[in-house]
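# Below are the sequence and a predicted model for it; my questions follow.
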Amino acid sequence: MFRVSLDNVAARRTCRPLYERHQATPYSTFLDANETDDIYSGMVMYRTGADTVALYDGTSATKKAFGLSALDKNDVIDDIAGIGIKPWAVWIGGNDAFFTIDAPAFDTGATWTVPTDGTKQLVYATSAGKLTTVADGDIIAELIDVVSATRIIIRLLLPSGVSAIA
């Protein structure tokens, strides 16, 4: 459920699917009980158990990106406030799934430029679960467009960049 406080009635999710009807699915799971960080939709999640996820932190080679958070848990939108079991959803899908991502779900300090020479700008995850162009860790997506300094469009390349990226 989309829950915003009364002082944030104009709030909107930082991740919105563009092509998802058959290309991506919100995978139903639970947020790890130990997860305390702010999460914005569009941030990268990893599996901590058979049916739990947490914000990707890149601290171990065994932690592999699972998908993009479909829900929020932060000061603006808190989808699980007052719910003890922490139900969660993660966008997973093929390389034909496109998403619009708004800051702060991606690293606005990184260089976001769409190549014009036929190459692809790959998107990775930071140690804070944000999307970035800095090559470190799992490949998450391909940059499709830079709409503004605070909005990008990506194409999923999960899991861990195994889709055709050459």
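Perfect, thanks for sending it. Residues are numbered from 1 along each chain as shown.

# Pull out the CA atoms of stretch 43-58 and give them to me as CSV.
Extracted C-alpha coordinates of stretch 43-58, given in CSV (Å, rounded to 0.1, in the frame of the first residue of the first chain):
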residue,chain,number,x,y,z
MET,A,43,17.4,0.8,-4.9
VAL,A,44,19.1,-2.6,-5.3
MET,A,45,18.1,-5.5,-3.0
TYR,A,46,19.7,-8.9,-2.3
ARG,A,47,18.4,-12.1,-0.8
THR,A,48,19.3,-12.7,2.8
GLY,A,49,17.4,-16.0,3.1
ALA,A,50,14.8,-18.2,1.4
ASP,A,51,12.1,-15.5,1.5
THR,A,52,13.8,-12.3,2.8
VAL,A,53,15.6,-9.4,1.2
ALA,A,54,17.7,-6.5,2.4
LEU,A,55,19.3,-3.4,0.9
TYR,A,56,22.4,-4.4,-1.2
ASP,A,57,25.6,-3.4,0.5
GLY,A,58,28.2,-5.1,-1.7
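
# Residues in contact with that stretch: which ones?
29-35, 37, 39, 63-69, 88, 90, 105, 125-131, 136-138, 140 (C-beta atoms under 8 Å, 6 or more residues apart in numbering). Bear in mind the C-beta positions are built from the backbone N, C-alpha and C, glycine included.

# ok, now stretch 133-151?
44, 56, 58, 64-65, 68, 95, 98-103, 107-108, 110-114, 120-126, 131, 152-158, 160-161, 165.

# Buried by neighbour count: which residues of that stretch qualify?
Of all the residues in stretch 133-151, those buried under the rule 16 or more other C-beta atoms under 10 Å are 133, 137-144, 151.
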